[in-house]
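1. Give me a model of this one.
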Amino acid sequence: MRVLLTVGICVAALLVLLSAVFIRRRLIMGGGGTIRLQVRVSTMVPGRGWSSGVGQFVGDELRFHRFFSLAFRPKRVLNRRAMTVHSRRSPEGPERMTMGDRWVVLVCRQAGIDLEIAMAGSTVTGFLSWLEAGPPGQPGSVAPRPASTPRPAE
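-> The predicted model follows:
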């Protein structure tokens, strides 16, 4: 009887934990402006070290939240002003098992540190547009054209 009670408590605790993870993910994604992506957190073994999660666009930041975590704070914060994309490639070797066929790996640099992020090919265009866009007057943005005045008729 005691074993059955212990197993029941363990199963209930596991269900509560899984529910908390999925509720957290829903709360993060519920605010809108989110994409599914993977960030390479370790480069010790080639093709490995990827972490799946949700990217949340907040102003000039892309906040990366891991899928299987209880933390509401992002694991990584990518700043649009400090980040550049150096290259793009298709997943290679073991990466193909964790990513879809149409995923793209972007090699980025932020504050002198190389970072690899992967996302669906259909998401890359939107991400690059967000990266290049910015409010007027900020570094990297294009200054507005002066208003043209009509020429007097001759």
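2. where do the strands sit along the protein?
-> Assigned by DSSP state E, the chain shows strands spanning 34-40, 50-58, 61-66, 76-79, 83-89, 103-110, 113-120.
3. Looking at these, spot the one closest to residue 22.
-> strand 50-58 (12.0 Å; CB to CB). Quick note: C-beta positions are derived from backbone N, CA and C, even for glycine.
4. list the contacts for the residue positioned nearest the centre of the chain?
-> Closest residue to the average C-alpha location of the chain: residue 55 at 3.1 Å, with CA atoms, centre = their mean. Shown in contact with residue 55 (CB atoms under 8 Å, 6 or more residues apart in numbering): 34, 35, 36, 37, 62, 63, 64, 65, 119.
5. could these be laid out in JSON lines, adding pLDDT, neighbour count and distance to residue 98?
-> JSON lines is the format used below for the contacts of residue 55 (pLDDT from 0 to 100; neighbours: other CB atoms under 10 Å; distance: CB to CB, whole Å):
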{"residue": "34", "pLDDT": "77", "neighbour count": "18", "distance to residue 98": "20"}
{"residue": "35", "pLDDT": "83", "neighbour count": "19", "distance to residue 98": "17"}
{"residue": "36", "pLDDT": "84", "neighbour count": "15", "distance to residue 98": "12"}
{"residue": "37", "pLDDT": "89", "neighbour count": "21", "distance to residue 98": "12"}
{"residue": "62", "pLDDT": "86", "neighbour count": "25", "distance to residue 98": "20"}
{"residue": "63", "pLDDT": "86", "neighbour count": "20", "distance to residue 98": "21"}
{"residue": "64", "pLDDT": "88", "neighbour count": "20", "distance to residue 98": "16"}
{"residue": "65", "pLDDT": "84", "neighbour count": "20", "distance to residue 98": "18"}
{"residue": "119", "pLDDT": "89", "neighbour count": "21", "distance to residue 98": "13"}
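6. now, which of those residues sits nearest residue 133?
-> Nearest to residue 133 among these, counting by CB to CB, is residue 62 at 12.7 Å.
7. before we move on, back to that, please name whichever of the strands of the chain is nearest to residue 11.
-> strand 61-66 (24.3 Å).
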